[in-house]
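Undergrad: What follows is a protein structure lacking sequence information:
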């Protein structure tokens, strides 16, 4: 039995999902036409910060927090129907996560090519994530 590599899964996902460049994401954020979702591990946010006004959903909870039938559902965070743009560190986890949300039926979802590092290089404001 051959197991697909994570890279193969990412490549397959990229064929089916919308990928945005950091410059386009910056414009959408400035126009308040998107919700940025940081799916990185909380330790990554503590170490590197996150994009100002982004929402943090750990990758492992994404489908559960966005599923209205899940006991983990977080309705209050996602009432607006803006484009949901996911990002991770480099764009691999967010590609898989975007594919998963697309499979769930989400239509207005995309991810950032190059992830957090591309957004940071594009000049989006970084804020510290405090430990609670």
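TA: Sure, I can see it. Being a predicted model, the structure only gives us computed values, none of them experimental.
Undergrad: And residue 11, how far from residue 72?
TA: Separation of residue 11 from residue 72 (Cβ to Cβ, to the nearest Å) stands at 30 Å. C-betas here are computed from N, CA, C, even on glycine.
Undergrad: And for residue 3?
TA: Using Cβ to Cβ, which is the criterion applied here, residue 3 is 29 Å from residue 72.
Undergrad: what about these two, which has more around it?
TA: residue 72 (10 against 6; other Cβ atoms under 10 Å).
Undergrad: Quick check: nearest residue in space to the more buried one, chain neighbours excluded?
TA: The shortest distance from residue 72 to any non-neighbouring residue, by Cβ to Cβ, 6 or more residues apart in numbering, is to residue 64 (4.0 Å).
Undergrad: Any idea how many residues pack against the one you found?
TA: If you count neighbours by other Cβ under 10 Å, residue 64 ends up with 15.
Undergrad: Tell me who's in contact with it.
TA: 70, 72-73 (Cβ atoms under 8 Å, 6 or more residues apart in numbering).
Undergrad: At which residues are the strands of this structure located?
TA: Along the chain, counting by DSSP state E, strands occupy 18-20, 34-38, 50-51, 55-56, 83-87, 109-112, 126-127.
Undergrad: All set, thanks.
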